[in-house]
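Student: Give me a model of this one.
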Amino acid sequence: MDKEKAFVDLYELLIFFSENRDLPVPDGFRFHDEIKKNCTILGLDYEVISKEFNLR
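Tutor: Just a heads-up that it's a prediction; the model follows:
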């Protein structure tokens, strides 16, 4: 996956979180694993992103 695709995926995950944060997620969907994967590709610190966007 290239950085542009990872950025788009991360952006979509953040929007998904903001719209669905109190709803159940589909079975097998590993939100934090997806965020972490995209952060790694983009060279971002997962812990900082999680804290900044209140993902925990």
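
Student: okay, CA-based contacts and neighbour counts for the rest of this
Tutor: Noted.

Student: burial measure for Pro24, as a count.
Tutor: Counted with other C-alpha atoms under 10 Å, the neighbours of Pro24 add up to 7.

Student: who are the neighbours in contact with the residue nearest the centre of the chain?
Tutor: Geometric centre of the chain, nearest residue: Ile35, 2.9 Å, by C-alpha atoms, centre = their mean. Shown in contact with Ile35 (C-alpha atoms under 8 Å, 6 or more residues apart in numbering): 10, 13, 46.

Student: Run through this protein and note the low-pLDDT ranges.
Tutor: Of all residues in the chain, none has pLDDT under 70.

Student: closest to Leu23 among the contacts of Ile35?
Tutor: Leu13 (14.2 Å; C-alpha to C-alpha).

Student: mind checking how far the closest one is from Cys39?
Tutor: As judged by C-alpha to C-alpha, to the nearest Å, Leu13 and Cys39 stand 12 Å apart.

Student: can you list contacts of the lengthiest helix in the chain?
Tutor: Ranked by residue count under DSSP state H, the longest helix found in the chain is helix 3-20. Under the criterion C-alpha under 8 Å, 6+ apart, residues 31, 34-35, 38-39, 41-42, 55 lie in contact with helix 3-20.
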